[in-house]
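Engineer: sequence first, predicted coordinates after that:
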Amino acid sequence: MPNCRQITPFLHVPDLKKALEWFKLIGFAPRFQQSNYAYVEREGVGVRIVESTQEDGKPFEPHRGFAYYVDCNDVDAIVRECLPRLKAAGVKTIGPVDQAYNQREFIIEAPDGDMFVFGQAIVRR
């Protein structure tokens, strides 16, 4: 079975409420939501949205407003495979880390300065 299943857009927005209203207009419904994060879905197609701005309204580093999010079954397998090469190339990484929104993530700075993230769902009991 393949480890990577799909790529999901991850949008960084200044106002989560307005973004959710917009996605509702095009038929997306929240499947998970907390104060600054939501996962919306329509017919099995999802988008991750995070409200993230600095005091001046600009997105937090390292991203400039967009992240590429690859849903996978085993983040740690990706880390074991890729981290040595990324370190050797001097690429910035974060994680793997278990997030409050029930995802285990390995975050990589993409060449354009945005983020490339491998993530898997965490099943909480």
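Structural biologist: That came through, no problem. Numbering: from 1, shown residues only.
Engineer: show me which helix runs longest in the protein.
Structural biologist: helix 75-88 (DSSP state H).
Engineer: what comes up buried for that one?
Structural biologist: 75, 78-79, 83 (16 or more other CB atoms under 10 Å). Heads up, the C-betas are built off the backbone N, CA and C, glycines and all.
Engineer: return the distance of that helix from the chain's centre.
Structural biologist: For helix 75-88, the separation from the chain centroid amounts to 18 Å (computed by CA atoms, centre = their mean, to the nearest Å).
Engineer: repeat for stretch 36-43
Structural biologist: The answer for stretch 36-43 is 11 Å, by CA atoms, centre = their mean.
Engineer: give me the contact list for that stretch.
Structural biologist: 16, 19-20, 23, 26-33, 46-52, 101 (CB atoms under 8 Å, 6 or more residues apart in numbering).
Engineer: which residues of this protein fall in strands?
Structural biologist: 4-13, 29-34, 37-42, 45-51, 66-72, 93-98, 103-109, 115-121 (DSSP state E).
Engineer: so what's residue 121 up against?
Structural biologist: 71, 102-104.
Engineer: narrow the contacts of stretch 36-43 to those that are buried.
Structural biologist: 16, 19-20, 23, 28, 46-52, 101.
Engineer: just name the closest of the residues you listed to residue 10, please.
Structural biologist: Nearest to residue 10, judged by CB to CB, of these is residue 48 at 4.3 Å.
Engineer: what separation is there between that closest one and residue 86?
Structural biologist: Counting by CB to CB, to the nearest Å, the gap from residue 48 to residue 86 is 22 Å.
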